[in-house]
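K.L.:
compute the structure for the input listed below.
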Amino acid sequence: MKFEEREFTLKDGRKCILKPTAPEYAAEMIEYLKNTAAETPFLLRNPDEVSFTVEGEKDILGRLYEDPYCIMMMPIVEGKVAGNGSINGIGDKRKIRHRCSLAIALYKEYWGLGIGTAMINYMTELAAQIGWHQVDLEVVAENSQAQALYKKCGFIESGRRHNALRFDDGTYHDEILMYKELEHKV
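P.N.:
Numbers count the residues shown, from 1 in each chain. The predicted model follows:
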């Protein structure tokens, strides 16, 4: 989805620009996917599972950039990609097409600076403009920092998925299910 860039000031005084993730950032996105997966066990993928080519990633990002129902956002700090976030529809069946799903990750060096809050608030604002009524997400039960961020942004815990993830060390981890109802201006 194409949307207006939004600039804000980080807690440390630097400027951050939230912008659509476009095809020209394909190489940076592949690097981001690998590196963030290595920095925390709480993401869905492992670093060795990122096998995109730059051309393949360009194609994916191009389709998402042109899709009016997909929000893919990247924060840029001092010319560097700091992370990525997305909102996508859950499905096209009438009973569920009022819902979308949010995912977000930042490089560890950018945690705690206000980027996550700004991204989630802007993405949910855009989701409401699209016409979605509810944003859902899943978070690893042990990821208390992310849960606090989501609650700060208005998400409410709605359940738990038992043993949803199996890490490479053989341990199982529950997911906490959360949602946020979106306001629509009439």
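K.L.:
can you show me the helices along this protein?
P.N.:
Using DSSP state H, the helices found in the chain span residues 26-39, 54-66, 115-130, 144-152.
K.L.:
could you say which one of these comes nearest to Arg161?
P.N.:
Nearest to Arg161 among those is helix 144-152 (14.3 Å), distances taken as CB to CB. In this view, the C-beta of every residue, glycine as well, is placed from N, C-alpha and C.
K.L.:
what mean pLDDT would you report for that closest one?
P.N.:
Mean pLDDT, computed over helix 144-152, is 98.
K.L.:
ok, now stretch 83-102?
P.N.:
For stretch 83-102, mean pLDDT is 96.
K.L.:
for Gln129, see how far away the residue nearest to Thr40 when sequence neighbours are not counted is.
P.N.:
Among residues not flanking Thr40 along the chain, Lys108 sits closest, at 7.0 Å (CB to CB, 6 or more residues apart in numbering). Lys108 sits 31 Å away from Gln129, going by CB to CB, to the nearest Å.
K.L.:
what of Ala118?
P.N.:
17 Å.
K.L.:
comparing these two, which residue is more hemmed in?
P.N.:
Ala118 (21 against 14; other CB atoms under 10 Å).
K.L.:
tabulate the helices of the chain (a markdown table), appending distance to Gly13.
P.N.:
What follows is the helices of the chain, written out as a markdown table (distance: least, CB to CB, whole Å):
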| stretch | distance to Gly13 |
| --- | --- |
| helix 26-39 | 24 |
| helix 54-66 | 30 |
| helix 115-130 | 14 |
| helix 144-152 | 21 |
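K.L.:
which of these sits most buried?
P.N.:
Neighbour counts (mean count of other CB atoms under 10 Å) averaged over each of the helices of the chain peak at helix 115-130, with a mean of 20.
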